[in-house]
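Here's a sequence, model it:
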Amino acid sequence: MGKCRVKLPPYLISLMETERNQNQTPKPENSPLKEIALFFWDLVKIVLVALIIIIPFRVLVAEPFVVSGSSMLPNFHNKDYLIIDRVSYKFKEPQRGDVIVLKFPKDTSQYFIKRIVGLPGEQIKFEQGSVVIVNKEYPGGMPLKESYLETSGQTLGKNEAVNLGSGEYYVLGDNRTASSDSRVWGILPTDDIVGKVWLRVFPLNNFGWFETPEYDF
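Residues are numbered from 1 along each chain as shown. Alright, predicted model coming up:
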């Protein structure tokens, strides 16, 4: 059987040759300046994406905090780098023993780290170097046993009892002899609580999570 040949019109042959030549033409390489510009543009995109993720996380979920001072010794030291949980208190109430970061009620531009010892509806007083809790469970008052304090530490306060209303907390520093806390500036409203201390990042030898202590009255 003979071969069938098709003769293409000259203009089609010309178009095919032009396309073939274009496909074979190497793409020009980017200049060094353009390569640098592309690199920095990619870097900008990465930073923007990171900010879109990190900023809402920091504002809504967690926030770093650096301890300043000695008011929470022996459990927290100057320049400890902490991560604060901002979410938990949106779903549950703060608990006794929680270590929190708060806005100083007298100047909310300042941030303190303290421990919650008194809850809404309770009465707080000081007897024989201890915090005494008066509530429905202990109407006669019960000294608070705080195992996280130094054994030689005593909690001294004013003679008069403090009554906590709805949404009010009583907070103290763990270093009871060197802490400006509710004994000095009064009760803490819940709106001034920033969040619960969740994690210590630095120093690395003290890296760890924080749990709320259990109390044996």
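
My read is that Ser166 contacts Pro120, right?
Yes. Counting by CB atoms under 8 Å, Ser166 does reach Pro120; the two are 5.3 Å apart. Glycine gets a C-beta too; all of them are placed from N, C-alpha and C.

in the chain, which spans are strands?
62-66, 81-85, 99-103, 111-118, 123-127, 130-134, 142-143, 162-163, 168-172, 188-189, 193-202, 208-209 (DSSP state E).

Could you pull up the contacting residues of the nearest residue to Asp85 once chain neighbours are set aside?
Spatially, and ignoring its direct neighbours in sequence, Asp85 is nearest to Trp198 (4.0 Å; CB to CB, 6 or more residues apart in numbering). Each residue near Trp198 by CB atoms under 8 Å, 6 or more residues apart in numbering is listed here: Ala62, Leu82, Ile83, Ile84, Asp85, Trp209, Phe210.

7 Å instead?
Contacts for Trp198 (CB atoms under 7 Å, 6 or more residues apart in numbering) come out as Ala62, Ile83, Ile84, Asp85, Trp209, Phe210.

so who does the closest residue to the second one other than its chain neighbours touch?
With sequence-adjacent residues excluded and distances taken as CB to CB, 6+ apart, Ile83 is closest to Leu199, at 4.2 Å. Leu199 sits next to Leu82, Ile83, Trp209 when contact means CB under 7 Å, 6+ apart.

Near the last one, how many other residues are there?
Other residues near Trp209 number 9, with proximity taken as other CB atoms under 10 Å.

what do you get for the second one?
By the criterion of other CB under 10 Å, Ile83 has 18 neighbours.

Tell me the pLDDT of it.
Looking at Ile83, its pLDDT is 89.

from memory it sits against Val201, does it?
Yes. Counting by CB atoms under 7 Å, Val201 is a contact partner of Ile83 at 6.2 Å.

hmm, back to that, distance to Asn75 for the contacts of Trp198 - can I get that in TSV?
Listed next are the contacts of Trp198 as TSV, based on distance: CB to CB, whole Å:
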residue	distance to Asn75
Ala62	20
Ile83	16
Ile84	15
Asp85	17
Trp209	13
Phe210	9
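
which among the residues you listed gets closest to Val101?
Ile84 (5.1 Å; CB to CB).

right, and that closest one touches Glu63 too?
Yes. Between Ile84 and Glu63 there is a contact under CB under 7 Å: 4.7 Å.
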